[in-house]
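*Asks:* kindly generate the corresponding structure for this input.
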Amino acid sequence: MVNYYTLENGHAQLIEEPAPTVFWVDLINPSVEERRLVEDYFAVELFTRQESEEIESSSRYVETEDEIGVNMNFLFQTGDFFCNSPVSFILKNKALFTQRSMEFRTFSEVLQKLRALRPNDGNDVFLAIMATRIDFDADFIEHITAKINTISTHLAAGQDTDRDLLLKIAALQTATITIRENIIEKQRILSSLLRSRLAPKDEETDITIMIKDVDSLLDHASFNFERLEFLQNTFLGLVGIEQNRVIKIFTVVTVMFLPPTLIGAIYGMNFDVMPELRLRFGYPLALFMMVLSSALTLFLFRLKKWL
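*Replies:* A predicted model of the protein is given here:
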């Protein structure tokens, strides 16, 4: 599918066929025929799927004499996980060409904003998309921060020290890394755009502001990752303390039963000559000695504050 947008009285209007007044061409899973039509009519070479997914810095931002090509990943959330989907941009002759494989709320919100922004050309649309994506990145970071606060509260209350909590922390670390990589990508693209000779001079202020916003988001993402590492270490520390407590209890119980075991072993020997063998109160005496030895051992542990 291909959407063509043209300006009429300063407002973006959707049309069905390409025209000289088109300032934004939005391609969503286009067919081969649709791609060929756009390339032939506007004399532009669109990115292939392979080119849009390459990770080299030289492939993320490409600038020639008359056009700027940008490949970036758009984050989208599926449950508790964040995934990337490649989106490509080409700026040529003040027209914007966007290529994507799925619908994003970013584009629908930008279309709504265009009714109020009254754009002049495709450069304004591209900057509006970048600004909207930065806002979404901020929302993602706020979402991660809220989950971190919940986990921190549970740990402070001594709750949820099980395997599931550790998996939640690991999932949040992965999400934070994904978000951070996505923000760094925007930082590089905006920095390159700011140095570009093709970028309009009157947009330098907007680009500079977005770069500052991106820097701020990077700081927040780094802080969240540090908090997650701290929570992970705290969790492992609590698990270690709990394991030590259990081992300590087993050790104390084992030591408490050593003296009674020794007494039982002594009087369980089958020798003919044993002084207490025919003692009338021998059996109760042996039991009393077992209980007394266990009690003395427990008292000694309490006295040494080992319990």
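
*Asks:* where does the stretch 151-300 of the chain have low pLDDT?
*Replies:* Of all residues in the stretch 151-300 of the chain, those with pLDDT under 70 make up the ranges 158-161.

*Asks:* the residue most central in space within the chain is in what secondary structure piece?
*Replies:* Centroid-nearest residue in the chain, with Cα atoms, centre = their mean: residue 175, separated by 1.3 Å. Applying DSSP states H and E as the criterion places residue 175 in helix 163-195.

*Asks:* tell me the buried residues in that helix?
*Replies:* Going by neighbour count (16 or more other Cβ atoms under 10 Å), the buried part of helix 163-195 is 165-166, 168-169, 171-173, 175-176, 178-180, 182-183, 185-187, 189-190, 192-193. Any C-beta I mention is one placed from the backbone N, CA and C, and that applies to glycine too.

*Asks:* what helices and strands are in contact with that helix?
*Replies:* helix 57-60, strand 61-63, strand 67-78, strand 81-92, helix 122-156, helix 204-256 (3 or more Cβ pairs under 8 Å, 6 or more residues apart in numbering; DSSP states H and E).

*Asks:* one step back: who's in contact with the closest residue to the residue nearest to the centre of the chain other than its chain neighbours?
*Replies:* Distances taken as Cβ to Cβ, 6 or more residues apart in numbering put residue 82 closest to residue 175, at 4.8 Å, once the chain neighbours are dropped. Neighbour list for residue 82: 75-76, 140, 175, 178-179 [criterion: Cβ atoms under 8 Å, 6 or more residues apart in numbering].

*Asks:* in terms of helices and strands, where is residue 113?
*Replies:* helix 105-117.

*Asks:* helices and strands around that helix, which ones?
*Replies:* Using 3+ Cβ pairs under 8 Å, 6+ apart, helix 105-117 is in contact with strand 11-15, helix 122-156.

*Asks:* if you compare those, which one is most tucked away?
*Replies:* helix 122-156 (a mean of 18; mean count of other Cβ atoms under 10 Å).

*Asks:* list the buried ones in stretch 67-84?
*Replies:* 67-76, 82.

*Asks:* how far does it sit from the chain's center?
*Replies:* 13 Å (Cα atoms, centre = their mean, to the nearest Å).

*Asks:* what about residue 205, distance to residue 143?
*Replies:* 30 Å (Cβ to Cβ, to the nearest Å).
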